[in-house]
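Chemist: What follows is a protein structure lacking sequence information:
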């Protein structure tokens with residue numbers, strides 16, 4: 001595994017650099033940033049490389065972003081501290097994975113059943129006040145929260161079929177911290193390892209499966225080659241991810257580069273919206289590597305009900321967490337009252 005990790009790190013550094021840095025004038029760009037993503041090389045091609053390429057092409061010799069994939073410069077769990085200290089300039093991640101010390105950390109990644117569709121995330125941030133909360137939280141610790149966006153839903157991909165809640169018991173699952181905390185009550189054993197080691201861990205038996213993504217990432221990251229089954233029930237409609245930067249580095253940028261970065265990041269959010277939304281449906285229908293299984297609605301309703309209790313538990317931890325849970329509840333209540341196509345079934 002060590003040899004494999006060294007190879008992947010070396011290979012992906014070269015690939016990311018080649019993709020992310022078009023030719024610039026002699027002498028190099030005036031400003032250079034290093035950005036590390038949570039994603040491995042294959043996934044990065046969709047979730048971050050297009051954004052970096054566009055920014056670099058437009059910014060030219062004024063600024064260039066050098067892209068690094070999962071764990072290349074620092075382990076994912078150390079991303080926040082490295083960015084805060086200025087060791088790296090910017091990060092693409094969720095709060096949970098990068099061990100953010102803020103009060104919003106539990107809501108990053110997959111907060112159980114907070115969303116049903118990917119569009120829920122930008123609405124929560126841009127119309128229900130979450131963006132302002134996140135910006136205040138990160139500004140207080142020297143980090144610029146640039147923008148939030150949605151990724152794919154959270155489903156199980158496993159070696160053995162899951163047809164009931166009983167089948168979850170004892171499964172060693174690679175997942176996000178908060179999601180793992182929620183799933184433990186159903187017998188799941190959360191496992192934390194470097195992202196790049198998940199594929200080998202599935203082959204050696206260190207993992208029984210993942211609850212890290214939807215089916216699109218299972219195919220893109222190679223996990224569909226080392227798992228057999230995909231559970232169609234998901235524990236969240238969309239992963240909440242963000243772009244962050246060191247506050248001093250952000251403040252040093254001229255306004256035109258700040259605007260360009262925000263535009264390119266918003267374009268990145270849009271790219272993922274359609275890539276994941278279409279990919280999830282297409283691979284369920286046309287994918288040949290994973291057999292689909294489903295837990296019946298009446299039994300899955302137990303999990304959904306437990307999510308409400310989990311929300312109460314998180315809300316009891318602080319006034320701010322209670323406020324965020326209240327926003328999520330109000331939003332979902334509004335969606336239910338709005339009816340089709342917002343909520344039904």
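Modeler: On my side now, so go ahead. Note that the coordinates shown come from a computational prediction; the quantities given were computed from them, not determined experimentally.

Chemist: Enumerate the strands of the stretch 151-300 of the chain by residue range, in sequence order.
Modeler: Taking DSSP state E, counting those that start in this stretch to define them, one finds strands in the stretch 151-300 of the chain at 154-158, 172-175, 189-191, 209-213, 229-236, 240-246, 291-293.

Chemist: closest to residue 335 out of these?
Modeler: For residue 335, the closest of the strands of the stretch 151-300 of the chain is strand 229-236, at 14.5 Å, according to Cβ to Cβ. For the C-beta atoms, the positions are set from N, CA and C on the backbone; glycine is no exception.

Chemist: packing partners for the closest one?
Modeler: With contacts defined as 3 or more Cβ pairs under 8 Å, 6 or more residues apart in numbering; DSSP states H and E, strand 229-236 has these neighbours: strand 154-158, helix 177-183, strand 291-293, helix 297-315.

Chemist: Is the residue nearest to residue 162 when sequence neighbours are not counted bridged to anything, and to what?
Modeler: Leaving aside its sequence neighbours, residue 162 sits nearest to residue 231 (Cβ to Cβ, 6 or more residues apart in numbering; 4.8 Å). Residue 231 has the following beta-bridge partners by DSSP bridges: residue 293.

Chemist: from what I can see residue 171 touches residue 211, true?
Modeler: No: Residue 171 is not in contact with residue 211 according to Cβ atoms under 8 Å; the separation is 9.2 Å.

Chemist: Residues that sit against both of those two, list them.
Modeler: Counting by Cβ atoms under 8 Å, 6 or more residues apart in numbering, the residues touching both residue 171 and residue 211 are residue 188.

Chemist: Among these two, which residue is more densely surrounded?
Modeler: A direct count of neighbours by other Cβ atoms under 10 Å for residue 171 and residue 211 places residue 211 higher, at 26 against 22.

Chemist: wait, isn't that one in contact with residue 162?
Modeler: No: using Cβ under 8 Å, residue 211 is not in contact with residue 162, being 10.5 Å away.

Chemist: list residues touching both of those two?
Modeler: Joint contacts of residue 211 and residue 162 (Cβ under 8 Å, 6+ apart) are residue 156.

Chemist: still on that earlier bit, winner for burial among the helices and strands packed on strand 229-236?
Modeler: Ranked by mean neighbour count, those are led by strand 154-158 with a mean of 26 (mean count of other Cβ atoms under 10 Å).

Chemist: any idea which helix or strand comes after the worst-scoring helix or strand of the chain on mean pLDDT?
Modeler: Least confident helix or strand of the chain, by mean pLDDT, DSSP states H and E, is helix 2-20 with a mean of 44. Next along the chain after helix 2-20, taking DSSP states H and E as the criterion, comes strand 31-37.

Chemist: Could you figure out how far that following strand is turned away from strand 240-246?
Modeler: Taking axes from the mean of the first three to the mean of the last three Cα atoms, to 10 degrees, one finds strand 31-37 and strand 240-246 inclined to each other by 150 degrees.

Chemist: Give the other helices and strands that strand 31-37 contacts.
Modeler: Helices and strands touching strand 31-37, as assessed by 3+ Cβ pairs under 8 Å, 6+ apart, comprise strand 63-68, strand 90-93.

Chemist: do you know which of those lies nearest residue 37?
Modeler: For the helices and strands packed on strand 31-37, distance to residue 37 was read as Cβ to Cβ. The smallest value, 4.2 Å, belongs to strand 90-93.

Chemist: in the top helix by length along the chain, what counts as buried?
Modeler: Across the chain, the longest stretch assigned as helix under DSSP state H is helix 255-286. Of the residues in helix 255-286, 257, 260-261, 264-266, 268-269, 271-273, 275-277, 279-280, 283-284 count as buried by neighbour count, 16 or more other Cβ atoms under 10 Å.

Chemist: what's the angle from that helix to strand 209-213?
Modeler: 130 degrees.

Chemist: Now do helix 255-286: which elements does it pack against?
Modeler: When contacts are defined as 3+ Cβ pairs under 8 Å, 6+ apart, helix 255-286 packs onto helix 41-47, helix 49-59, strand 143-150, helix 215-220.

Chemist: for that helix, the distance to its chain's centre please.
Modeler: Between the centre of helix 255-286 and the centre of its chain there are 13 Å (Cα atoms, centre = their mean, to the nearest Å).

Chemist: mean confidence for that helix?
Modeler: Mean pLDDT, helix 255-286: 97.

Chemist: Kindly report the same for stretch 162-169.
Modeler: Mean predicted lDDT for stretch 162-169 stands at 98.

Chemist: Of all the residues in it, which ones are buried?
Modeler: Going by neighbour count (16+ other Cβ under 10 Å), the buried part of stretch 162-169 is 162, 165, 167, 168.

Chemist: which regions of the stretch 1-150 of the chain sit below the pLDDT cut-off?
Modeler: Residue ranges of the stretch 1-150 of the chain with pLDDT under 70: 1-27.
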